[in-house]
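A.B. asks: Output the structure for:
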Amino acid sequence: MVLSADQRADAADRLRAAERDRAPIPPLTESWPDIDVVDAYEIQLLNIRRRGRPVLGHKVGLSSLVMQQMMGVDEPDYGHLLDDMALDERNSVPTLKYCQPRVEVEVGFVLGADLPGAGCTEDDVLRATAALAPAIELIDSRIADWKIGLADTIADNASSAGFVLGAARVPPGAPDIRKIEATLRRNGEVVAEGRSDAVLGNPVTAVAWLARKVADFGVRLKAGNIVLPGSCTKAFDARPNDRFQADFTGLGRVSLNFNGGAQ
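C.D. replies: Alright, predicted model coming up:
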């Protein structure tokens with residue numbers, strides 16, 4: 001930890017204002033070149049606590065080898081999913097409510113039991129998972145032009161802004177979790193195809209990593225929590241009136257539609 005408490009509070013204030021005003025800011029790493037990962041998580045937690053919303057779960061970011069190499073890191077990062085980030089397939093999302101929205105396609109995990117912290121294994125995750133669900137994560141960056149370093153995205157709640165789960169709930173033993181094919185359509189046109197093993201070779205690996213990682217901050221993943229382990233495909237910009245639909249083999253469908261509004 002390199003930053004002082006006042007500097008971390010300043011960084012959190014800047015990110016909060018950027019989100020509120022829909023006015024992205026320069027990277028935190030420009031103002032504080034020495035900012036480290038611990039600083040970044042503390043900044044994230046400052047804003048999560050300040051929002052005062054119930055935590056529904058967590059998301060894992062940087063879970064593909066390509067993204068880790070791009071960021072120069074050897075492990076993922078994580079952010080919080082709050083109740084006011086939950087979106088509904090039946091309602092369109094106002095694009096102008098966000099700074100630079102994008103969508104990602106994910107295999108969501110719904111936990112039926114608490115996970116252990118330190119030492120959590122993939123077997124622990126499979127035992128504790130009540131169901132898999134088709135999911136789209138709405139990501140956003142409060143950092144201008146998505147010019148983010150590792151500390152920037154962590155401090156910014158791992159660039160998370162919202163999520164939606166499709167209706168299906170499938171037991172984790174039904175499909176092979178490593179071989180779920182995902183197809184993303186934007187306005188009816190296929191824009192991406194991917195597979196669940198793009199996430200650390202197995203999304204279960206990402207959930208186990210998350211359980212161990214949050215334990216370092218005194219957090220446990222609980223029954224009822226939702227975990228988004230990372231995207232099967234690259235992210236796509238969400239423009240006003242875009243309609244996204246993601247189809248998963250053996251897992252069903254989820255959609256997310258946008259409008260041109262601000263609220």
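A.B. asks: so what's the spatially most central residue of the chain up against?
C.D. replies: A centroid search over the chain (Cα atoms, centre = their mean) returns residue 59, at 3.8 Å, as the residue closest to the centre. Residues touching residue 59, when contacts are defined by Cβ atoms under 8 Å, 6 or more residues apart in numbering, comprise 78-81, 137, 158, 160, 163, 227-228. For the C-beta atoms, the positions are set from N, CA and C on the backbone; glycine is no exception.
A.B. asks: Doesn't residue 213 belong to a helix?
C.D. replies: Yes - membership of residue 213 in a helix is supported by DSSP: H, G, I helix; E, B strand; the rest coil.
A.B. asks: Quick one: residues contacting it.
C.D. replies: Contacts of residue 213 (Cβ under 8 Å, 6+ apart): 75, 78.
A.B. asks: cool, and residue 40?
C.D. replies: When the contact criterion is Cβ under 8 Å, 6+ apart, the partners of residue 40 are 28, 150-152, 154-155.
A.B. asks: Give me the subset of these that lies in helices.
C.D. replies: When those are checked against helices using DSSP state H, the ones located there are 28, 150-152, 154-155.
A.B. asks: Which one of those residues is nearest to residue 243?
C.D. replies: Nearest to residue 243, judged by Cβ to Cβ, of those is residue 152 at 30.1 Å.
A.B. asks: pretty sure the closest one contacts residue 143?
C.D. replies: Yes - with contact defined as Cβ atoms under 8 Å, residue 152 counts as touching residue 143 (5.0 Å).
A.B. asks: Can you check which residues contact both of the two?
C.D. replies: Residues touching both residue 152 and residue 143 by Cβ under 8 Å, 6+ apart: 27-28.
A.B. asks: Quick check: which element contains the residue nearest to the centre of the chain?
C.D. replies: For residue 59, the element it lies in under DSSP states H and E is strand 55-61.
A.B. asks: List the buried residues in that strand.
C.D. replies: Buried residues in strand 55-61, counted by 16 or more other Cβ atoms under 10 Å: 56-61.
A.B. asks: out of the contacts of residue 59, who has the most neighbours?
C.D. replies: For the contacts of residue 59, neighbours were counted using other Cβ atoms under 10 Å, and residue 228 has the most, 32 neighbours in all.
A.B. asks: Contacts only, for the residue nearest to residue 42 when sequence neighbours are not counted.
C.D. replies: Excluding the flanking residues, the one nearest residue 42 by Cβ to Cβ, 6 or more residues apart in numbering is residue 8, at 5.4 Å. The neighbourhood of residue 8, defined by Cβ under 8 Å, 6+ apart, consists of 39, 42-43, 46.
A.B. asks: Residue 8: what secondary structure?
C.D. replies: Reduced to three states by three-state DSSP, residue 8 is helix.
A.B. asks: now do residue 47
C.D. replies: Under three-state DSSP, the three-state class of residue 47 is helix.
A.B. asks: pLDDT wise, what is it at?
C.D. replies: Turning to residue 47, the model gives it a pLDDT of 97.
A.B. asks: Does it touch residue 16 like I think?
C.D. replies: Yes - the pair residue 47 and residue 16 passes the contact test of Cβ under 8 Å, sitting 5.5 Å apart.
A.B. asks: more crowded one of these two?
C.D. replies: When neighbours are counted by other Cβ under 10 Å, residue 47 comes out ahead of the other of residue 47 and residue 16, with 19 against 15.
A.B. asks: Would you mind listing the residues in contact with that one?
C.D. replies: If you count contacts by Cβ under 8 Å, 6+ apart, residue 47 has them with 12, 15-16, 157.
A.B. asks: between the residues you listed, which is nearest residue 51?
C.D. replies: Of all these, the one sitting nearest residue 51 is residue 16; the distance, using Cβ to Cβ, is 8.7 Å.
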